[in-house]
Structure formats: structure tokens, C-alpha cells
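> I would like to see how this sequence folds:
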Amino acid sequence: MTQPEQPILAQTRALLASDPDRFASSVFARLFAMRPSLRELFPAEMGTLRASFVDVIDHVLDAIGAPDGHGELVDFLAQLGRDHRKFGVVSEHYWLIYDALMSEFQFAFGNRWTPEVEETVGQAMLLTTGVMRGAAESAEGPPRWHARVVQKFRITRERAVIRLIADGPHPPYAAGQYLETQIPQWPRTWRNFSPAIPSNPQGELEFHVRAVPGGRVSGSIVRDTAVGDVWTFAQRHGTMHIDPARPALLIAGGTGLAPLRALLIDHARFGEPAPVHLFYGTQNPGELYELGVLAQLAGANPWLRVTAVTENTEDPWWLTGGTDPRGWGLEVRYGRVGEVAATYADWRGRQVLLSGPAPMVFHTALRLRAAGVNPDAIQHDPLN
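Got it, this is the predicted structure:
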């Protein structure tokens, strides 16, 4: 007895999954053959981009075949279209990528490429490129804007604070959001960084960056960024926010403090907001570089309580110049920040914001949920 044939979109996903990197490489090869100048819009190393490209196509094929979720798909593609403006993508390029995709799908299907398959796959790819193109054409504001580095502070060998001022008009961002960022040392390579201060009319920006092991961009920022460098910014993303009417729990790991710091500074403009308890954790005491600022913020705002957390009680030999965190008059605990915070009190009924390395955010969210915190009350940026 023969098995029933899979739906066309399921067949298409299966072909994509059989060798995703080959598929993406072939699509881009076709695109660059049609318009060689487009190669200049992409980074020199495209492995990560090819993987993301395949993920997008697979998500589209999956969502179209689902009975619902089409609204989410349209929103997703529209945001993707707005995001692609930063690469210099214009309307005619979407027709070229459509042709490249259809040619590669035809090659992958071989003799199974029938008029019905062509119509089904074509409609899916037309939806993809059409929604992205339409959103890009209707987007407001510049696709890119620039800011110049005016100060750099090397906190430790792994961390730095970078301050910039925007060159001319710039779109505002909400406290807690993150910005698509390109530095001059890595052209055509974009990373997301969260400002540590709210948006202001003067165009001032501040970023706290840790050199992630193997991270080319973050490592270059900590090592190589200098006063006068011009950074480029594109879209803003993120929905983390604090409702001033509800008590809040904030948990930050390392430089994950940045967006929560911006939210706290913004939160201070409210007259008498509900209580906020911030747990700020690092591996070593000398890495708690923001305790002075947080102590001043808590001293001026009775609604804010700060607990510092370090995994180790003493600094390693290479970490010098750090002050004893107990000297700031704030509570200090020892352990992993997520574990300390989750067992510190009963947080049910609080809004919860998490920011830091993905493993820390993931495991902290699990611990809080196990302790009875409503999962819908927990906010954090997407985990990469």
C-alpha cells in the first residue's frame, strides 16, 4: 500500500531541510549572477545569514500551511522588510530574489515540478517578497542613522562603556528596546545592542558591551573602538517595559543591566510608582561596575531596592581596581543571580523583567515559574 503524497508545502519544507545550506548558497549564487552589484550589500562571511535565510523561508512555508497564524506571519514579514532597508535593499531587489527562489525550487523539485507545484510555491514566495516590499516602501523614518563615539571607558578586560552623540536627526527609541548596530570595524555586519539610557533630544547614547567569547563585533568594540568612530543604527526592537502601577522584579546578569538601567531611569519620572526590586549579578565582585550609579538612583527614589549578587566572594588576580560592593551601602548576596532572586521572596503578583546571557535568562525564568510566577508576567528579549 503506497503512502499518501504529502501536501505541496510540506514537500517544499522537506526539500529545504534536506540540505539547507546548499539551498541558500544556490539561491544567493543565482541572485548575484543576475545582479553582481548586490554582493556588496552582504557581509563577507555569509554562513549565519544563510542559516537565518533558510529559517525564514521554512517559517513562511510552515505558517502558510497552518490553519491560523497568518496574521502573525504578515507582521513578521513586514518587520523583516523594514529591517532589510538597512542593507540598502530596494523594491526591485525583491523581484530578483523571487526569481532566484523560484529557480532554485524548480531545480530542487526536478521532474516533480508541475504547474500545481509552481503555483503553490509561487504564491508563498510572492506573499513573502510582496509583504516585505510593501512594508519597506511604507516605512517611516530613515533606514539608517549615525552617532559618533565621544567617550569610551574600559571597565575590565572584557567590558567597556561607550558613549555617543547622534549626528543630526535621529528616531527616538523606547527605554528597554535594543538597536540594530553596525560599527566601522565590521561593515555590513549588524548586531543588537541595548542603550543604557533613555532616548533624549540631545541624541546621547550609552552602551555597556561585554566581549563575548568568539564574538567578533563585541570583542572589537571592547578592544578597538575609539573616540571619533561613527556607528550606524537601523531599526529598534523589543517590548520590555515597566508598568508604574504594578510592583516589579528586575533581574540583570552582567551587561544585561543596560536595558533595565534605561527603564529605571525612565521610571524615575513618575511621581510615586509601585515598588521595584532589582537584582544585579556578576561572576566577580569587581565586575559590579554600576553599583555607584544604582546606589545613587536608589537613594533618590524610595521605590527602588537594589540587591547586588556575585558568584565568587573574591576577585581573580587579573581583575584589579574594583571596589568592595559592600561599600556602596547596598545589600550583597552570593550565588547565581537567578537562583538568589528566585528564592529571595514570593514574587507572585509581580511583573518580572529578565536581561542577560541567554542561559541565565532561560534558567531564571524556569525557576520563577516553578516558584509560582505567572509565565505571562515574565518579560525578556528573544533568546538567541
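> thought residue 228 was touching residue 152?
No: assessed by CB atoms under 8 Å, residue 228 is found out of contact with residue 152, at 10.2 Å. C-beta here means a position set from N, CA and C on the backbone, and glycine is covered the same way.
> Give me the helices and strands touching the longest strand seen in the chain, please.
Identified as the longest strand of the chain according to DSSP state E is strand 145-154. The contact analysis (3 or more CB pairs under 8 Å, 6 or more residues apart in numbering; DSSP states H and E) places strand 145-154 against strand 159-166, strand 230-237.
> Could you check which of residue 228 and residue 152 is surrounded by more residues?
Remark: of residue 228 and residue 152, residue 152 carries more neighbours, 17 against 9, as counted by other CB atoms under 10 Å.
> coming back round to it: a markdown table for the helices and strands packed on strand 145-154, including mean neighbour count and mean pLDDT?
As requested, the helices and strands packed on strand 145-154 are exported to a markdown table (neighbours: other CB atoms under 10 Å; pLDDT from 0 to 100):
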| stretch | mean neighbour count | mean pLDDT |
| --- | --- | --- |
| strand 159-166 | 20 | 96 |
| strand 230-237 | 19 | 95 |
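> how much distance is there from stretch 313-328 to the middle of the chain?
Offset of stretch 313-328 from its chain centre (CA atoms, centre = their mean, to the nearest Å): 30 Å.
> Now do the buried residues in it.
Neighbour counts over stretch 313-328 (16 or more other CB atoms under 10 Å) mark 315, 319, 322, 325, 328 as buried.
> Also stretch 221-228?
221, 222, 225.
> For the spatially most central residue of the chain, which non-adjacent residue is closest in space?
Central residue of the chain (CA atoms, centre = their mean): residue 192, 4.9 Å from the mean position. Distance criterion CB to CB, 6 or more residues apart in numbering; nearest residue to residue 192, sequence neighbours excluded, is residue 178 at 4.6 Å.
> Now the one you found: phi and psi?
For residue 178, the backbone dihedrals (degrees, to the nearest 10) come out as phi -120, psi 160.
> Which stretches in the stretch 251-384 of the chain count as strands?
Ranges of strands in the stretch 251-384 of the chain, per DSSP state E, counting those that start in this stretch, are 276-282, 304-310, 331-334, 351-355, 378-379.
> on that earlier part again, count of residues packed around the residue nearest to residue 192?
22.
> is it true that it touches residue 196?
No: between residue 178 and residue 196 no contact is recorded; they are 11.1 Å apart, counting by CB under 8 Å.
> What pLDDT is listed against the residue lying closest to residue 348 once chain neighbours are set aside?
Excluding the flanking residues, the one nearest residue 348 by CB to CB, 6+ apart is residue 372, at 4.8 Å. Residue 372 carries a pLDDT value of 95.
> what's the burial count for residue 372?
For residue 372, the neighbour count with other CB under 10 Å is 10.
> now swap in residue 114 and tell me
For residue 114, the neighbour count with other CB under 10 Å is 11.
> Next up, the contacts around residue 355.
Contacts for residue 355 (CB atoms under 8 Å, 6 or more residues apart in numbering) come out as 194, 240, 250-253, 256-260, 361, 380-381.
> Nearest residue to it in space, ignoring adjacent ones along the chain?
The shortest distance from residue 355 to any non-neighbouring residue, by CB to CB, 6+ apart, is to residue 256 (3.8 Å).
> Which parts of the chain belong to which domain?
Following automatic domain parsing, one gets these domains for the chain: 8-138, 145-237, 248-379.
> Can you mark which positions in stretch 199-213 are buried?
So, applying 16+ other CB under 10 Å, buried residues of stretch 199-213: 199, 203, 204, 205, 207, 208, 209, 210, 211.
> Stretch 63-71 too?
By 16+ other CB under 10 Å, the buried positions in stretch 63-71 come out as 63, 64, 65.
> now swap in stretch 47-59 and tell me
Neighbour-count burial for stretch 47-59, counted by 16+ other CB under 10 Å, picks out 49, 50, 53, 54, 57, 59.
> again, but for stretch 348-358
By neighbour count with 16+ other CB under 10 Å, stretch 348-358 contains the buried residues 350, 351, 352, 353, 354, 355, 356.
> Can you tell me which of these is nearest residue 41?
Each of the buried residues of stretch 348-358 was scored against residue 41 by CB to CB, and residue 355 proved nearest at 31.7 Å.
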